[in-house]
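A.B. asks: Below is the sequence, then the predicted model.
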Amino acid sequence: MDDARVEIRVRDDGPYKVSGPVRLVDPDGNEIANPEPGRPIVLCRCGQSHTKPFCDAAHKASGFTSCVRAARHG
Ligand code: FES
């Protein structure tokens, strides 16, 4: 991956993994610190995390399922 670009990877039955130079901010514009500095940010997609906006792996016990694939064009 090009280090200058942000990549948001949709993980099967799990979170969004955000890699690259990105700031996560609350509705007031205040930065939310990455709990694992220097590592990708992992954002909850299932709504069950107790540490929102971060994933805490609660998606596994909740039975969340979603396997997104990009639409193919042409
Ligand atoms: S996606 Fe992991 S806790 Fe929601």
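C.D. replies: Alright, I've got the coordinates.
A.B. asks: Could you pull out the helices in the chain for me?
C.D. replies: 58-62 (DSSP state H).
A.B. asks: Enumerate the residues of it near the ligand.
C.D. replies: Selection of the chain residues close to the ligand by C-beta under 6 Å from any ligand atom yields 14-15, 44-46, 48-49, 55-59. Just so you know, the C-beta spots here come from the backbone N, C-alpha and C atoms, and that holds for glycine as well.
A.B. asks: One more pass at 8 Å, please.
C.D. replies: Residues of the chain lying near the ligand by C-beta under 8 Å from any ligand atom: 14-16, 42-49, 55-60, 62, 64.
A.B. asks: Got a ChimeraX select line for the buried ones in these?
C.D. replies: To isolate the buried members of those in ChimeraX, using 16 or more other C-beta atoms under 10 Å:
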select :14,15,16,42,43,44,45,46,48,49,55,58,59,64
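A.B. asks: Grab the nearest non-local neighbour of A61.
C.D. replies: Q48 (7.9 Å; C-beta to C-beta, 6 or more residues apart in numbering).
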